[in-house]
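> coords please:
(4 chains)
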There are 2 protein chains.
Amino acid sequence: MSLQERKQRERADRARLIVATARELAEQQGWDAVTTRRLAERIEYSQPVLYSHFRGKREIIGAVALEGAAEMAVALRAATAAADGPRARVVALARAYLEFAERNPAVYDAMFQLDGGLAFAREDTPEPLKDAFAALLESLGEVAGDGVHPGLFTETFWAALHGLATLTRAGRLPPEHTGHRVELLVDRLAVL
Amino acid sequence: MSLQERKQRERADRARLIVATARELAEQQGWDAVTTRRLAERIEYSQPVLYSHFRGKREIIGAVALEGAAEMAVALRAATAAADGPRARVVALARAYLEFAERNPAVYDAMFQLDGGLAFAREDTPEPLKDAFAALLESLGEVAGDGVHPGLFTETFWAALHGLATLTRAGRLPPEHTGHRVELLVDRLAVL
DNA sequence: TCGATTGTCTAGCGGTGCTAGGATCGGGTC
DNA sequence: GACCCGATCCTAGCACCGCTAGACAATCGA
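Now for the predicted structure:
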């Protein structure tokens, strides 16, 4: 059995290598540069090997998205844990979210801009995605205000952050006053 | 001279035909289906003709985006003009924005998601884009609140709407409670 | 009527995601 | 030790992409 286990382990290692390489390449040169040929060359296997692990490029993007969601959840919880009081927590959350988007643009795209074939906001949504939303909900639920559903408030706040993140990075919004926009968002949306 | 004028007019007509066809095809089957081959076939010319009008596919996307921006500005002003009072105006504006995004998803993508080679938030930004932002500013500036720069407030509000529009359409947000989210956004962000 | 200019097309380049089918290599069995 | 069989991997190729060089035809001015 040990032989089969070793082979399984090696296969899993190679799957992780593919995902890590795709992510690295995407962060370095953008997702357009992540072609199956280049990816295969970087992992030093031929193209068809990719398809023995993933159905296609979309599924590789999805795998990067899941990895990113798990990391984002950790980053958000770390940021809010270090903050005292509801307002400080929400500010820290918003800043951490935008910082994650800025520092990991390719991963952020995989999560929220590209088609990774993942289900969102449903029962069969993958756990890491649910958990990332839960991390938002933990800090935002407490400032939703009376009579406002915490989930709905979280969705709205998240959408606002997402809009800031994407429009800024796409050059649609000048980056200078991001801090002011975030403060405006927190002070107006959150009930403290 | 009349002959040259006729030729120029015919060229301009064909340019418009290309843009209109690209838009139509994108709305019908998505931007992925808008290939230069299919586009050329639909306008009943060969591919190189496209390149005598536009530098490439990106520039065609940009042309669709400009057309869309002009229409959006009209739609937003029409919606706000029919509303009485600041709150009703902002609600009407937000609804009109989201409705435009929902009814013209391909055009919306050309404007804000895809790369159309256009400059945003700069001096050399094309007039239709500036004007669409101005249409937002006209209704949002009056509810920015004391001490808050109208432009910055408009940017923030716009980002929130953009987040709602894109996340909802990409299936990241369930479409059921869009109305509630919009009201939450208006009631919290706008100073009435 | 002839040459030049303009307009358009055919054909092709290097790239893409993806896959069929053959080669190779290893372990298990006689 | 020889053989077979299954797993693993690669070569080669499909249809498509954006884009362009160069041939060809039509039209204009002289």
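> model confidence score at residue A:9, please.
Model confidence at residue A:9, given as pLDDT, is 88.
> could you check the helix or strand encompassing it against chain B for contacts?
Residue A:9 is part of helix A:2-29 when elements are defined by DSSP states H and E. No: against chain B, helix A:2-29 shows no contacts by C-beta under 8 Å from any C-beta of the partner chain, the least distance being 15.2 Å. Placement of C-beta: from N, CA and C, glycine included.
> what's the burial count for the residue of chain A found nearest DNA strand C?
Per C-beta to the nearest atom of the strand, residue A:56 is where chain A lies closest to DNA strand C, at 2.7 Å. Counted by other C-beta atoms under 10 Å in any protein chain shown, the residues lying close to residue A:56 total 11.
> tell me the phi and psi of it?
Dihedral pair for residue A:56: phi 170, psi -170, per degrees, to the nearest 10.
> find the nearest non-adjacent residue to residue A:143, please.
Once flanking residues are discounted, residue A:143 sits nearest to residue A:190: 3.9 Å by C-beta to C-beta, 6 or more residues apart in numbering or on different chains.
> I'd say that neighbour and residue A:85 touch.
No: when contacts are counted by C-beta atoms under 8 Å, residue A:190 is not listed as touching residue A:85 (11.4 Å).
> hmm, stretch A:79-97 in reach of chain B?
No: using C-beta under 8 Å from any C-beta, stretch A:79-97 stays clear of chain B, with a minimum separation of 11.6 Å.
> just the buried residues of that stretch, please?
Residues of stretch A:79-97 classed as buried by neighbour count (16 or more other C-beta atoms under 10 Å in any protein chain shown): A:79-80, A:83, A:89-97.
> then it to PDB, C-alphas only?
The C-alpha trace of stretch A:79-97 is given here as PDB (Å, rounded to 0.1, in the frame of the first residue of the first chain):
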ATOM      1  CA  ALA A  79      -6.600  42.400  11.200                       C
ATOM      2  CA  THR A  80      -9.900  42.600  13.200                       C
ATOM      3  CA  ALA A  81      -8.500  40.700  16.200                       C
ATOM      4  CA  ALA A  82      -5.900  43.300  16.700                       C
ATOM      5  CA  ALA A  83      -8.400  46.200  16.800                       C
ATOM      6  CA  ASP A  84     -10.300  47.500  19.800                       C
ATOM      7  CA  GLY A  85     -13.900  48.500  19.500                       C
ATOM      8  CA  PRO A  86     -16.400  48.200  16.700                       C
ATOM      9  CA  ARG A  87     -15.300  51.200  14.600                       C
ATOM     10  CA  ALA A  88     -11.600  50.300  14.800                       C
ATOM     11  CA  ARG A  89     -12.600  46.700  13.800                       C
ATOM     12  CA  VAL A  90     -14.500  47.800  10.800                       C
ATOM     13  CA  VAL A  91     -11.800  50.200   9.700                       C
ATOM     14  CA  ALA A  92      -9.200  47.500  10.100                       C
ATOM     15  CA  LEU A  93     -11.400  45.000   8.200                       C
ATOM     16  CA  ALA A  94     -11.900  47.400   5.300                       C
ATOM     17  CA  ARG A  95      -8.200  48.300   5.100                       C
ATOM     18  CA  ALA A  96      -7.200  44.600   5.300                       C
ATOM     19  CA  TYR A  97      -9.600  43.800   2.500                       C
END
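> run the chain-centre distance for that stretch.
18 Å (C-alpha atoms, centre = their mean, to the nearest Å).
> so for it, mean pLDDT?
97.
> go on, stretch A:138-151?
Stretch A:138-151 comes out at a mean pLDDT of 97.
> that stretch: end-to-end distance?
For stretch A:138-151, the first-to-last residue distance is 10 Å (C-alpha to C-alpha, to the nearest Å).
> and the next helix or strand past the helix holding residue A:9?
Next along from helix A:2-29, by DSSP H and E: helix A:36-43.
> which phi and psi does the residue in chain A positioned nearest to DNA strand D have?
Among all residues of chain A, residue A:46 sits closest to DNA strand D, at 3.3 Å; criterion: C-beta to the nearest atom of the strand. Note on residue A:46: its backbone torsions stand at phi -90, psi 160 [degrees, to the nearest 10].
> show the pLDDT at the closest residue to it other than its chain neighbours.
Nearest non-adjacent residue to residue A:46, counting by C-beta to C-beta, 6+ apart: residue A:40, 5.7 Å away. Note on residue A:40: pLDDT of 97.
> my read: residue A:40 touches residue A:52, true?
No: counting by C-beta under 8 Å, residue A:40 sits too far from residue A:52 to count as a contact (11.5 Å).
> circling back to that earlier point, what's around the residue of chain A closest to DNA strand D, how many residues?
For residue A:46, using other C-beta under 10 Å, the count is 11.
> how about the residues of chain A by chain B?
So chain A meets chain B at A:112-113, A:119-121, A:148-149, A:152-153, A:155-156, A:158-164, A:166-167, A:170-174, A:177, A:180-181, A:184-185, A:188-189 (C-beta under 8 Å from any C-beta).
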